[in-house]
Structures are given as C-alpha cells and as structure tokens.
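Undergrad: model the following, please.
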Amino acid sequence: MIALVTGDTGFIGSNMRDFLIEKNIEVIGFSRRRGLDIFNTDQLRKAVKKCDIVYHFAAEAKPGESVLNPVHTVEVNLKGSLNVLEACRKIGVPLVYPSSCEIYGDSKVPIKEDFPINPPNPYAASKAAIDRLCYTYYRCYGLDVKILRLFNPYGPRQQLNKIMPTFYFKAVKNEPITVYGDGTDTRDYVYIEDIVKGLWLARRLPAGEAVNLATGKATTNLEVAQLIKEIVGSKSEIIFVDYPKAFGGIKNQVGSYEKAKHLIGWKPETSLREGLKKTIEWLSRIDLEK
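TA: Coordinates of the predicted model:
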C-alpha cells in the first residue's frame with residue numbers, strides 16, 4: 001500500500017506520516033517544504049497516480065487569523081481541496097478528508113454528525129464547505145471519500161501558539177497564565193495518537209460517510225490551565241481577560257464518538273491527564289532548544 005499525505009510536515013500530517021511508516025506503509029509526503037504544492041495540478045496528479053489512498057491535511061488552519069484574513073483562508077482551503085478532489089476523482093483513488101469540529105459551532109450537549117452546521121469563522125466555513133464538497137463528489141461522481149470531523153487535536157508537534165503550549169510556557173516560568181472570559185469555555189480535546197488511529201481506521205468507512213473523532217468529555221480552559229500547573233508544579237497566577245474584539249471563536253463544544261465506534265471500531269484511549277503529560281514532555285524538549 002502507498003499513501004499520499006498532503007501537508008505531511010504539519011502537526012497532524014507529520015504524526016499521520018510517522019504512524020503509516022510504522023505500519024510499513026510507503027508514504028509519499030506532499031508539502032511546500034518538499035517543493036510540492038497542491039496548487040500545482042501536474043505535481044499533484046503525478047503523485048496521486050502513484051498511490052492507493054490520499055490523506056489530505058494541507059490547509060490554512062488558523063481560525064483566529066482567518067477572522068483577519070478571510071478571503072485568503074477561504075481561497076486557499078477551497079481551491080487546494082478542489083484540486084485534491086479532482087485528482088482523486090480523475091484517477092480513482094480513495095480520499096480520507098480530516099474535517100473539523102469547528103464546522104458545528106457552539107453546543108453544550110454532545111454533538112452528533114447530524115447536528116446543524118454553523119461555522120463561526122472563515123476557517124470553519126471553509127472546512128464546512130470542503131466537508132460537503134467531499135460528499136458531493138461521492139454523490140455525483142462515486143468518489144470513495146471518507147470524512148473525519150476532528151475535535152481539538154493536541155499533542156507533540158502542535159502549533160506553539162495553541163492553548164496548551166501557551167499555558168505551559170507561562171506555567172514553567174511561574175508567569176501569569178491568561179485565560180479568556182471567565183475560564184468556563186469548553187472544548188473536547190483528543191490526543192494526537194488517538195486521532196491518527198482514527199484516520200487509519202477510516203479506510204473502513206463506507207464512501208461518503210462522516211464521523212466525529214471526539215472523547216465525549218468537555219474540558220474548560222480553566223481546567224486545562226490548572227492541570228498544566230499541577231503537572232509542572234507551577235506557581236503561576238491565572239488571570240482572566242476579555243475576548244479579542246475579532247473573536248469568531250467557539251464558547252462551548254463537546255462531541256459524540258458513537259458513530260465512529262459503531263462504523264470503524266474507534267474510541268479515544270488517552271485521558272487528558274495522560275495526553276497532557278506526553279505533550280508537556282515534548283514541550284519541555286522544545287523549551288530547552290530555545
């Protein structure tokens with residue numbers, strides 16, 4: 001088996017690449033760092049012809065920045081993904097598409113896959129559009145596409161401006177940790193090892209299906225800060241501040257993974273405490289290298 005992984009030098013893509021290699025699967029990495037671009041349709045078509053399955057991670061994946069640069073975010077994500085869809089359609093190669101929980105918007109109850117799509121920012125809107133384009137390519141052209149809606153992946157190699165690395169770098173220096181609002185915003189955090197296992201199992205999904213990869217547990221921002229403080233033994237003060245004017249974020253969210261459990265036998269295996277410890281171990285090595 002040969003797998004093409006677009007965006008294979010990013011957070012999720014690089015973890016997926018390493019997971020596949022451990023499974024003795026040949027991986028074709030496809031990213032700008034390798035001189036390859038999903039906007040170069042000739043490069044893309046040649047790569048897709050060589051593989052048996054495509055994992056498409058390449059994207060502008062910054063919800064906050066998308067509020068400030070909506071046209072760029074939407075154009076890059078939509079056009080790039082359309083190029084991948086077209087290559088897979090014309091050559092007849094299955095596609096696994098990692099969609100996002102961002103497409104749903106807010107909910108305090110576990111979100112199932114039939115929950116209304118209410119994207120709160122341009123990045124989320126682009127992911128929602130691609131999610132449904134994938135389904136359209138299944139319905140219109142019979143493309144074997146599987147859609148995974150990822151709930152808040154975290155772990156080694158994630159962007160250092162995300163909540164957990166940001167809190168860690170403050171906590172380890174005993175500096176104040178800044179939390180937006182009153183700290184009660186919630187997310188459903190899924191450790192990266194569980195995410196890539198789900199993406200691997202996704203090859204069993206019926207064509208056109210969409211499933212959540214979630215834990216079913218809502219965690220507040222305040223709980224994340226307190227847990228990180230506890231793990232590193234920090235004396236940091238937690239300070240609450242107002243949201244940025246251009247927020248575009250989600251206040252509360254938690255997902256249901258029952259459909260994924262039923263269709264592909266997936267369930268989360270890593271507790272937040274265990275996942276945070278592994279993440280902090282990686283972050284501590286990053287900190288030493290600074």
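
Undergrad: next, please give the residue ranges for the helices of the stretch 1-150 of the chain.
TA: Secondary structure of the stretch 1-150 of the chain by DSSP state H, counting those that start in this stretch: the helices cover 11-22, 41-49, 63-68, 70-91, 122-141.

Undergrad: measure Glu60 to Glu75 for me?
TA: Going from Glu60 to Glu75 by CB to CB, to the nearest Å gives 9 Å. Quick note: C-beta positions are derived from backbone N, CA and C, even for glycine.

Undergrad: so between these two, which is more surrounded?
TA: Glu60 (18 against 13; other CB atoms under 10 Å).

Undergrad: distance check, the more buried one against Leu160.
TA: When distance is defined by CB to CB, Glu60 is 17 Å away from Leu160.

Undergrad: could you pull out the strands for the stretch 151-290 of the chain?
TA: Counting by DSSP state E, counting those that start in this stretch, the segments of the stretch 151-290 of the chain that form strands are 153-154, 177-180, 186-187, 190-191, 210-213, 219-220, 238-241.

Undergrad: dump these to TSV, plus mean pLDDT, distance to Glu258 and mean neighbour count.
TA: Formatted as TSV, the strands of the stretch 151-290 of the chain follow (pLDDT from 0 to 100; distance: least, CB to CB, whole Å; neighbours: other CB atoms under 10 Å):
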stretch	mean pLDDT	distance to Glu258	mean neighbour count
strand 153-154	98	19	22
strand 177-180	95	31	19
strand 186-187	96	19	22
strand 190-191	98	15	25
strand 210-213	98	9	26
strand 219-220	98	19	17
strand 238-241	95	34	12
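
Undergrad: export those to CSV and tack on distance to Glu230?
TA: Formatted as CSV, the entries for the strands of the stretch 151-290 of the chain read as follows, by distance: least, CB to CB, whole Å:
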stretch, distance to Glu230
strand 153-154, 17
strand 177-180, 12
strand 186-187, 19
strand 190-191, 18
strand 210-213, 27
strand 219-220, 14
strand 238-241, 12
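
Undergrad: for Ala124, find the nearest of the ones you listed.
TA: strand 186-187 (13.8 Å; CB to CB).

Undergrad: what helices or strands is that closest one leaning on?
TA: Using 3 or more CB pairs under 8 Å, 6 or more residues apart in numbering; DSSP states H and E as the contact criterion, the neighbours of strand 186-187 among helices and strands are strand 219-220.

Undergrad: parallel or antiparallel, list what pairs with the strand it packs on.
TA: Take DSSP bridges as the rule and strand 219-220 pairs in its sheet with strand 186-187 (antiparallel).

Undergrad: contacts for the partner strand?
TA: Applying CB atoms under 8 Å, 6 or more residues apart in numbering, the external contacts of strand 186-187 come out as 108, 151-152, 218-221, 250-254.

Undergrad: ok, these vs Glu237, which is closest?
TA: Using CB to CB, Asn221 is the member of the contacts of strand 186-187 that lies nearest Glu237, at 15.1 Å.

Undergrad: distance of that closest one from Gly35?
TA: Relative to Gly35, Asn221 is positioned 39 Å away (criterion: CB to CB).

Undergrad: and if you look at Lys217?
TA: On the measure of CB to CB, Lys217 and Gly35 end up 41 Å apart.

Undergrad: who's more crowded, the two?
TA: Lys217 (17 against 9).

Undergrad: report the buried residues of the helix or strand bottoming out on mean pLDDT in the chain.
TA: None of the helices or strands of the chain scores lower by mean pLDDT, DSSP states H and E than helix 63-68, at a mean of 84. For helix 63-68, the buried set under the neighbour-count rule, 16 or more other CB atoms under 10 Å, comprises 63, 65-67.

Undergrad: distance to Arg187 added to these, as CSV?
TA: Written out in CSV, the entries for the buried residues of helix 63-68 read as follows (distance: CB to CB, whole Å):
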residue, distance to Arg187
Pro63, 12
Glu65, 18
Ser66, 18
Val67, 18
